[in-house]
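Peer 1: Sequence and predicted model, in that order:
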Amino acid sequence: MNGINRNMMKFLFSMLLTMMLVFTSACGANSETENKPGNTAANSEQAAANEPAPSGQATVYPLTLKDDTGTEITFEQQPTKVVTLVPSETEAIYAIGSGEQVVGVDEYSNYPEEAASKPKVGDMTTNIEAVAALEPDLVLASSSMNTEAIMKLRELKITVYATDPLTYEAVIAKIENLGHIMNKQSEAAEIAEHMRLVKQQVTDAVKDAEKKNVYLEFSPGWTVGSSTFLDELLTLAGGKNIAAAKPGWYEVSAEEVVTQNPELIIYPDLKEDPNPIVAGIESRPGWNVIDAVKNKQMFAVTEDPLVRVGPRLADGLLELAKVIHPDLVK
């Protein structure tokens, strides 16, 4: 696999994994009843509706929640040993003040800095033995990216609470539920309030502005369509996603982008130098006629906050809005 493909896989992993974070609980203290699996935003919203106590109050255990695989999980007590299989869950659990309970993380969990020193339990493939050896009573994972790992962990009687937040509000709901699980409701409520305030700030600023046609290339030749949280972020930020006619993440044709003629091209600020996305855009035949290229309206945005469906998604939204409407969002 060449460097560009590795980057694409890492980016997809970071994005889809993070965007489908999974809360898992393990060991004998918790019980689990499995139902029909499902990866839907509705499941995340349903979980939010099952909040057992108002934000700010102490969690009352046993606590029962249903995850996005349709599995009902009962937490008999506050988890004390947590393993995360996706970067967004790592960020979320540290953000609510439960970092001391983290005993293992995935290879890509690099934020906050102290998370990087935790024992590693795999990358895109979870090391099941490594997870089990840590004896966690909570595992946080992605119902889309960690499907096989979830199945194997549950066979070992390790409870997995899996989420699939496909919208900004579903990400907030996930964080609030994690606050309930970890008895950190006040901390989770503060994060939720901040994320909603940022969203309101952005939407208020751009509500009367003309929507700008935007092309987002997250990896060489790949874009994001409808039914994704990135499409929603582009819309919230005052943009019109030129790739929204198709759902999901897909490889776009060069001719299609020329036809759509975006005003702005946005891409992640990757660590590679030169950035393979920029190099690809600049070398594609016919792209010199695109307005965004002609007018030098091509902008890099910070990668992780934009693609990890955790607390920093608010930072990603704000940065997008500043790029799309710099005169309105400061």
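Peer 2: It's in.

Peer 1: Next, the buried residues of the helix or strand residue 174 falls within.
Peer 2: Secondary structure assignment for residue 174, by DSSP states H and E: helix 168-181. Counting neighbours by 16 or more other C-beta atoms under 10 Å, one finds that the buried residues in helix 168-181 are 168-181. Heads up, the C-betas are built off the backbone N, CA and C, glycines and all.

Peer 1: and of those, the nearest to residue 261?
Peer 2: residue 168 (27.9 Å; C-beta to C-beta).

Peer 1: quick one: the closest one and residue 309, what's the gap?
Peer 2: 9 Å (C-beta to C-beta, to the nearest Å).

Peer 1: between the two, what contacts are shared?
Peer 2: residue 229 (C-beta atoms under 8 Å, 6 or more residues apart in numbering).

Peer 1: partners of the top strand by length along the chain, with directions?
Peer 2: Looking only at the chain and at elements set by DSSP state E, the strand with the highest residue count is strand 212-219. Strand pairing for strand 212-219, using DSSP bridges, gives strand 222-224 (antiparallel), strand 239-241 (parallel), strand 264-268 (parallel).

Peer 1: To residue 112, which of those lies closest?
Peer 2: That would be strand 264-268 among the strands paired with strand 212-219, by C-beta to C-beta, at 20.1 Å.

Peer 1: Who are the packing partners of the helix or strand following that closest one?
Peer 2: Note on strand 264-268: by DSSP H and E, the next helix or strand toward the C-terminus is helix 276-283. Counting contacts by 3 or more C-beta pairs under 8 Å, 6 or more residues apart in numbering; DSSP states H and E, helix 276-283 is packed against helix 3-12, strand 212-219, strand 264-268, strand 298-301.

Peer 1: rewinding a little: can I get the helix holding residue 174 in PDB, CA atoms only?
Peer 2: The C-alpha trace of helix 168-181 is given here as PDB (Å, rounded to 0.1, in the frame of the first residue of the first chain):
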ATOM      1  CA  TYR A 168     -23.600  17.000  15.100                       C
ATOM      2  CA  GLU A 169     -26.400  16.600  17.600                       C
ATOM      3  CA  ALA A 170     -25.900  12.800  17.700                       C
ATOM      4  CA  VAL A 171     -22.200  13.500  18.700                       C
ATOM      5  CA  ILE A 172     -23.400  15.700  21.500                       C
ATOM      6  CA  ALA A 173     -25.900  13.000  22.700                       C
ATOM      7  CA  LYS A 174     -23.100  10.500  22.700                       C
ATOM      8  CA  ILE A 175     -20.900  12.600  24.900                       C
ATOM      9  CA  GLU A 176     -23.800  13.200  27.300                       C
ATOM     10  CA  ASN A 177     -24.500   9.500  27.500                       C
ATOM     11  CA  LEU A 178     -20.800   8.900  28.200                       C
ATOM     12  CA  GLY A 179     -21.100  11.400  31.000                       C
ATOM     13  CA  HIS A 180     -24.000   9.300  32.500                       C
ATOM     14  CA  ILE A 181     -22.000   6.100  32.200                       C
END
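
Peer 1: How far does it sit from its chain's centre?
Peer 2: Helix 168-181 has its average C-alpha position 12 Å from the chain's average C-alpha position, going by C-alpha atoms, centre = their mean, to the nearest Å.

Peer 1: Not counting sequence-adjacent ones, nearest residue to residue 66?
Peer 2: Excluding the flanking residues, the one nearest residue 66 by C-beta to C-beta, 6 or more residues apart in numbering is residue 72, at 4.9 Å.

Peer 1: From residue 63, how far off is that neighbour?
Peer 2: 11 Å.

Peer 1: between the two, which one's more packed in?
Peer 2: Using other C-beta atoms under 10 Å as the criterion, residue 72 and residue 63 rank with residue 63 on top: 22 against 15.
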